[in-house]
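[1] my questions are about this predicted structure, shown below with the sequence.
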Amino acid sequence: MTDSPPTRVAIYDLGRTVLRKPTFTLFLLWAAWREAPWRLLLFLALAALMIGYALRLYGRDRFKPAAIRLMLGPYLSSTRAADLAARFAAWRVPRDVPPGAEACIARDRAEGYRLLMATAAPEFYAGAIADALGFDAIVATRHQRDADGNWLPLLDGENCYGAEKARRVTEWLDANVAVGAMHIRAYSDHPSDAPTFALANESWLIGRRRSLARLAAQHGWRTLDFEIAAGSG
């Protein structure tokens, strides 16, 4: 009797990993321009919120809902949210996926890995990006819905970042992977994903800065530069 092969899962961060640019502020400005251009007059207020967050006057759990409310209003209908998400994904994916990320995703898919996107970005538009790239599943920051299904700025649970992201990934693995051996690859540009890296057999720190190489060496992580087309280390 032979042992069954391990289930293979590849976990990818979104901003500065699968896409070159972070998505949150970009999405808010893009959506405001298309839905209510007058809200761009509130950019200085958004900048003030960003400065307060950078100075650690408050955390992501306060910053994100305030920024969303400022630039998109108190709610998004489910139809409007889905339309914005699809159009944003159609805009960003052809322009912003590094060649190495594209190659790495294709390689993992060909090798039988289930592709899981794990990101702090809001689930409704990050999900559209994951779908456009052929991912199997996503864990992302959730937002509350009202009785009519409208998408609200308020977070539903914690921001999917750091230890919370690792907890959500573990929850997904427990629910979606049969009990048994697993082989996990994890890719991220940022050391805040160390808790997720701790779940992985292979941890890949994405980027070309020397500081990342030193950090990877300290933790036993590998490095990849997704601007290189091979993307295979």
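    Arrived safely, thanks for sending.
[2] just checking, Trp33 touches Leu40?
    Yes. Using CB atoms under 8 Å, Trp33 makes contact with Leu40 at a distance of 6.3 Å. C-beta: built from backbone N, CA, C; applies to glycine.
[3] leaving aside the residues next to it on the chain, what's closest to Phe63?
    Tyr53 (4.2 Å; CB to CB, 6 or more residues apart in numbering).
[4] got a list of what the one you found touches?
    59-60, 63 (CB atoms under 8 Å, 6 or more residues apart in numbering).
[5] tell me the one among those nearest to Leu46.
    Looking at those and their distance to Leu46, the nearest is Phe63, at 10.2 Å (CB to CB).
[6] is the closest one in a helix, a strand, or coil?
    Three-state assignment for Phe63 (DSSP: H, G, I helix; E, B strand; the rest coil): helix.
[7] what lines up beside the longest strand anywhere in the chain in the sheet?
    In the chain, ranked by residue count with DSSP state E as the criterion, the top strand is strand 114-122. Under the criterion DSSP bridges, strand 114-122 sits next to strand 7-12 (parallel), strand 137-141 (parallel) in its sheet.
[8] filter the contacts of Tyr53 to the buried ones?
    The neighbour count (16 or more other CB atoms under 10 Å) marks 60, 63 as buried among the contacts of Tyr53.
[9] distance between stretch 221-230 and the chain's centre?
    Stretch 221-230 sits 18 Å away from the centroid of its parent chain (CA atoms, centre = their mean, to the nearest Å).
[10] buried residues in that stretch, which are they?
    Result for stretch 221-230 [16+ other CB under 10 Å]: buried residues 221, 223-224, 226.
[11] wait, isn't Leu215 in contact with His190?
    No. The criterion here is CB under 8 Å, and Leu215 misses it with His190 at 10.0 Å.
[12] and which of the contacts of Tyr53 is nearest to Gly207?
    Checking the contacts of Tyr53 against Gly207 by CB to CB gives Arg60 as the nearest, at 21.6 Å.
[13] next up, the contacts around the closest residue in space to the closest one that isn't next to it in sequence.
    Counting by CB to CB, 6+ apart, Arg60 lies nearest to Asn159, which is 4.4 Å off, once chain neighbours are set aside. Residues in contact with Asn159 (CB under 8 Å, 6+ apart) are 59-61, 64, 120, 141.
[14] please redo it, this time with the cut-off set to 10 Å
    59-65, 120, 122, 140-142, 165 (CB atoms under 10 Å, 6 or more residues apart in numbering).
[15] nearest to Arg107, of the contacts of Tyr53?
    Using CB to CB, the contacts of Tyr53 come closest to Arg107 at Arg60, 32.2 Å.
[16] distance-wise, check that closest one relative to Asp148.
    Distance from Arg60 to Asp148, counting by CB to CB, to the nearest Å: 27 Å.
[17] again with Arg214
    51 Å.
[18] please apply the same query to Phe197.
    On the measure of CB to CB, Phe197 and Asp148 end up 40 Å apart.
[19] give me the residue at the spatial middle of the chain.
    Thr119 (2.5 Å; CA atoms, centre = their mean).
[20] which stretches of the protein have low pLDDT?
    Within the chain, the segments meeting pLDDT under 70 span 1-4, 229-233.
[21] fine, thanks again, bye for now.
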